[in-house]
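# coordinates only, sequence not included:
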């Protein structure tokens, strides 16, 4: 499913225009992105939680030259944990 498909489904379900559904989806995605960039988590009850995950620095291997070791820096990444309702629906 693409973003366009999601907009079409939301517009049909809510009885609104595709433009309004697209703007609403964009607003939700922007709000989630801003919260994660501040280090806050976003919980949608029954669906899941978007959170910030920290990955420590580590030493890796260069795939082009396996004998060469490379330093992989620490980074902050977005993560998602599915809620119970979503897990049950998928199962």
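Happy to help now that I have it. Keep in mind that what you see is a predicted model, and the values were worked out from it rather than measured. Numbers count the residues shown, from 1 in each chain.

# hey, let's count contacts and neighbours off CA atoms from now on
Will do.

# Whichever helix in the chain runs longest - contacts with which helices or strands?
Ordering each helix of the chain by length in residues (DSSP state H) puts helix 18-37 first. Helices and strands touching helix 18-37, as assessed by 3 or more Cα pairs under 8 Å, 6 or more residues apart in numbering; DSSP states H and E, comprise helix 3-14, strand 42-44, strand 48-55.

# Contacts for the second one, please.
Residues lying outside strand 42-44 but in contact with it, judged by Cα atoms under 8 Å, 6 or more residues apart in numbering, are 32, 35, 36, 49, 50, 51.

# and those, which two are the farthest apart?
35 and 49 (12.0 Å; Cα to Cα).

# and for those two, which residues touch both?
Counting by Cα under 8 Å, 6+ apart, the residues touching both residue 35 and residue 49 are 41, 42.

# Please give the per-domain residue ranges for the chain, including any split domains.
1-39, 41-91 (automatic domain parsing).

# want to throw those into JSON lines with mean neighbour count and mean pLDDT?
Shown next, in JSON lines, are these (neighbours: other Cα atoms under 10 Å; pLDDT from 0 to 100):
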{"stretch": "domain 1-39", "mean neighbour count": "14", "mean pLDDT": "96"}
{"stretch": "domain 41-91", "mean neighbour count": "12", "mean pLDDT": "95"}
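
# thinking again about what came up before, what angle separates the longest helix of the chain from strand 48-55?
40 degrees (axes from the mean of the first three to the mean of the last three Cα atoms, to 10 degrees).

# who touches the spatially closest residue to residue 45 that is not a sequence neighbour in this structure?
Spatial nearest neighbour of residue 45, chain neighbours left out: residue 83 (7.2 Å); criterion: Cα to Cα, 6 or more residues apart in numbering. Contact analysis of residue 83 by Cα under 8 Å, 6+ apart lists 45, 46, 47, 48, 49.
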